[in-house]
Each structure stands twice: as C-alpha cells, then as structure tokens.
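In: I would like the atomic coordinates for the input below:
(one chain, ligands or ions: 1)
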Amino acid sequence: MDALTALHNRVSMPRLIGPAPTPEQQEALFQAALRTPDHARLRPWRFLVLEGQGLERLGELFTVSALNRTGDPNAAEVLRAPSLPQRAPMIIIAISSARVHPKVPEIEQDMSCAVAVGNMLVAAHALGLGAVWRTGELAYDPLVREGLGLQAHEKIIAFLYLGQSMTPDRAAPELEPRDFFRRWPES
Ligand SMILES: Cc1cc2nc3c(=O)[nH]c(=O)nc-3n(C[C@H](O)[C@H](O)[C@H](O)COP(=O)(O)O)c2cc1C
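Out: Okay, the predicted model is just below:
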C-alpha cells in the first residue's frame, strides 16, 4: 500500500483478535515510530511491548487502579478491568520521557511521542493490521504509572492496541479540507 493511500484511509479498529503482529510487522511498526520528527534529536520516548503475560499484568494494574478509585471490589469497573488489555493480542505503551531542555519545551517532546504513535497507526493500517489509540484515566493514574515503572518526568501518551481486525475496515469519514484549511491572509 502506498503512503498516501494508508494516510487517507486509516481508521481505528477497536475490535481486535490474534494473532499479534509478526516479528517482521513489529519491526516495521517500530521503525515507523522511530521516524517521528524530534526537535534536537532528543529521542524523548520509549515503548513497552506487551503480549500474553504482559497483558495479564496490565489487567492486574488496571484492577488495582479501579479498586483504588471505587473502593468497591464488586464495582462494574473493577470487575471489567482485567479484561480491558485482552481486547487485543498486543499493546504498545508509548511513553514520553520529556526532560528539561533549553530549546525544546516539554510539549514538543510529548508531541514527538504522539507523532510516533500516529506513525504506528498508519503503518499498522498499511500492514493490514487493526489498531486503536486508547488512553482514559488509567493512563494518568499514579498506580498504573508506578506499576509500569515510569519515572516522575514520564507520561503515558498511548496504549496502542494492535491485532487483526474482527470487522472489515470502515470507510474513513469524509471531511472537507476547506472547512479546516484557509489561505492566510485571505485574498
Ligand atoms: C490521545 C488520544 C487518546 C484517545 N483515547 C481513547 C480512548 O481511551 N478510548 C477510545 O475509545 N478512543 C480513544 N481515542 C480515539 C480513537 O483512538 C480514535 O482516534 C477515534 O475513535 C476516531 O476514530 P478514527 O481514528 O477511526 O477516526 C483517543 C485518541 C487520541 C488521539
């Protein structure tokens, strides 16, 4: 698939099953992430790749987080938590490791990580894989952050769920460029 076709037609695929991306597909995804624009080449990001036991461990962290929030072991949120990471055979957790830099503000480093996630989404589509970018309050919960070994200056930018789409690709929504792009100054 050529680059423009992938860019124009990518859609999120939330219903995913195994198998996980092959080693060759993973390599292609990782290389796509590493081509993110990166002011001053700080490489202010790192990625955790979870399958199998990793997904189970993430489910345990999500459960601890939900229990801490609700205080009720029978709350629907707590009961559902272990199954959340099982919605895909692989999750890549994208982490921004932004540091204080005289020329590159934190937001630029976070955005570089976000673009890496975007690159992986498009690469996944080009490879015939399904993918969806998720965050939610679990991404910002100190218990989840700590359990995954994040340092104080790091942020979870994405839980990128990856696998085989259970449904055929949806048509991408058609947006009108002129609703978003204007010449400036207007003539
Ligand atoms: C930073 C970020 C966080 C997101 N978090 C979630 C999420 O937690 N749950 C969810 O269903 N969609 C989430 N989304 C949206 C989906 O990934 C997806 O982009 C959206 O449903 C639109 O679908 P499309 O990508 O096919 O246009 C998030 C998107 C971004 C950019």
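In: what's the strand or helix carrying residue 25 in contact with?
Out: Counting by DSSP states H and E, the element that carries residue 25 is helix 23-34. Identification of contacts with helix 23-34 by Cβ atoms under 8 Å, 6 or more residues apart in numbering yields 21, 45, 47, 49, 92, 94, 116-117, 119-120, 122-124, 127, 129, 162. For the C-beta atoms, the positions are set from N, CA and C on the backbone; glycine is no exception.
In: out of those residues, who's nearest residue 176?
Out: Nearest to residue 176 among the contacts of helix 23-34, counting by Cβ to Cβ, is residue 122 at 21.3 Å.
In: which of the contacts of helix 23-34 fall in strands?
Out: Within the contacts of helix 23-34, membership in strands is found for 45, 47, 49, 92, 94, 162, as judged by DSSP state E.
In: bridged to the second one, which residues?
Out: Taking DSSP bridges as the rule, residue 47 bridges to residue 94.
In: how about the strands in this protein?
Out: With DSSP E as the criterion, the chain has strands at 16-17, 45-50, 90-96, 130-134, 155-165.
In: and residue 130, how far is that from the ligand?
Out: Taking Cβ to the nearest ligand atom, to the nearest Å as the criterion, residue 130 is separated from the ligand by 11 Å.
In: oops, could you answer that again for residue 186 instead?
Out: Distance from residue 186 to the ligand, counting by Cβ to the nearest ligand atom: 29 Å.
In: what is the burial count for residue 156?
Out: 20 (other Cβ atoms under 10 Å).
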